[in-house]
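Undergrad: Structure for the following, please:
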Amino acid sequence: MTRFSDCSSFDVWLDERDAFDGGRLAQITRSGDGLITLVLEQCLRLGLLPGDHSTLDVYELVTTGAGELDPPTERGPSDILDPIETAEVDGRIAISIPTWPGSTRLVATDLTVRHVGTEQRRTEPFVSEAFTVVTGTDCNDLFWRTRVGELLGAPVVWRVLGSRTPGLPGLDTDGCFLQRPDLLASTNHGVFCTRGRTGTTTMSRYSREADADLWRAVQWAGAEFERIRSGNCVFERADWENYLATGQFPPDEKLRGSLVRE
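TA: So this is what the prediction gives:
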């Protein structure tokens, strides 16, 4: 266990661990006597695909007196997006941890740091609010508008950013949004479409302006294609349909393939 009472020595300790860049703020707790504990995880080896294993060094930082925490609530895991930064504030150590959706800030007179241990952690499969399929050149604006509308049970239209009128038939969907026509006047976005040079199409839930039912219909439309990539997974069509219906992933080995069949 190591104790720090000034920024300079704590900065040296952080630098030796890359300031936890790309790591994780695993937990924040506050004891009954006001002591604050942060659990930080440094990634030594990152396993990206389902079934891979990551190697993590786990550290516990504890204030030796009552500290100041902003936001003040206890909470669970958050990814650390950039290196942790420190500053001296009235002779105390101030730590800023850039997490999503906002930074976490701790100010304390003294800190103790303990190396909890090194862990091997299995990489779990996950799906993001975006997916990519290989569509080819014949998958145009009409396909998505028609198929999503059928699955949703209501019409959908293409729009450019912020437009209050539907896009014209035959428009290039790259950089456009799918949206319900009755929401054009009150929204700027929808489900965002980007098209790659190699024939891929990516659909993403750009904001909450694409409601859950619309996004679900777009996900189901993705099942028209042979393979679907989302998060750290590549699904075969039947596995994607089963995931959408049940929330269950297939075995890891079925999720580790390439989007383009070799």
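Undergrad: in the chain, what secondary structure element scores lowest on mean pLDDT?
TA: Within the chain, confidence by mean pLDDT, DSSP states H and E is lowest for strand 78-79 among all helices and strands, at a mean of 81.
Undergrad: Beyond that one, next helix or strand please.
TA: strand 85-89 (DSSP states H and E).
Undergrad: so after that following strand, what's the next helix or strand?
TA: strand 92-97.
Undergrad: Against which helices or strands is that next one packed?
TA: strand 85-89, strand 104-108 (3 or more C-beta pairs under 8 Å, 6 or more residues apart in numbering; DSSP states H and E). Bear in mind the C-beta positions are built from the backbone N, C-alpha and C, glycine included.
Undergrad: Tell me the neighbouring strands of it, and mark each as parallel or antiparallel.
TA: strand 85-89 (antiparallel), strand 104-108 (antiparallel) (DSSP bridges).
Undergrad: got the buried residues for the first one?
TA: Within strand 85-89, the residues that count as buried by 16 or more other C-beta atoms under 10 Å are T86.
Undergrad: Run the chain-centre distance for that strand.
TA: 28 Å (C-alpha atoms, centre = their mean, to the nearest Å).
Undergrad: Over to stretch 154-161?
TA: On C-alpha atoms, centre = their mean, the centre of stretch 154-161 falls 26 Å from the chain's centre.
Undergrad: Stretch 190-208 now?
TA: 16 Å.
Undergrad: what about it, start to end distance?
TA: 8 Å (C-alpha to C-alpha, to the nearest Å).
Undergrad: Ok, stretch 17-36 next?
TA: With C-alpha to C-alpha, one end of stretch 17-36 sits 21 Å from the other.
Undergrad: can you check stretch 187-207 too?
TA: Span of stretch 187-207 from end to end, C-alpha to C-alpha: 10 Å.
Undergrad: So which bits of it are buried?
TA: 187-193, 195, 200-206.
Undergrad: now, among those residues, which is nearest to S103?
TA: Y206 (23.7 Å; C-beta to C-beta).
Undergrad: Give me the spatial nearest neighbour of that closest one, chain neighbours excluded.
TA: The shortest distance from Y206 to any non-neighbouring residue, by C-beta to C-beta, 6 or more residues apart in numbering, is to F192 (3.9 Å).
Undergrad: Touching stretch 43-59 from outside, list them.
TA: Applying C-beta atoms under 8 Å, 6 or more residues apart in numbering, the contact partners of stretch 43-59 are 17, 22-24, 26, 39-42, 113-125, 232-233, 249, 252-253, 255-256.
Undergrad: what's the helix or strand hosting the residue nearest to Y206 packed up against?
TA: According to DSSP H and E, F192 maps onto strand 191-195. Applying 3+ C-beta pairs under 8 Å, 6+ apart, one finds that strand 191-195 makes contact with strand 177-179, strand 200-205, helix 212-221.
Undergrad: how does it look with 6 Å?
TA: strand 200-205 (3 or more C-beta pairs under 6 Å, 6 or more residues apart in numbering; DSSP states H and E).
Undergrad: Distance-wise, check C233 relative to T201.
TA: 17 Å (C-beta to C-beta, to the nearest Å).
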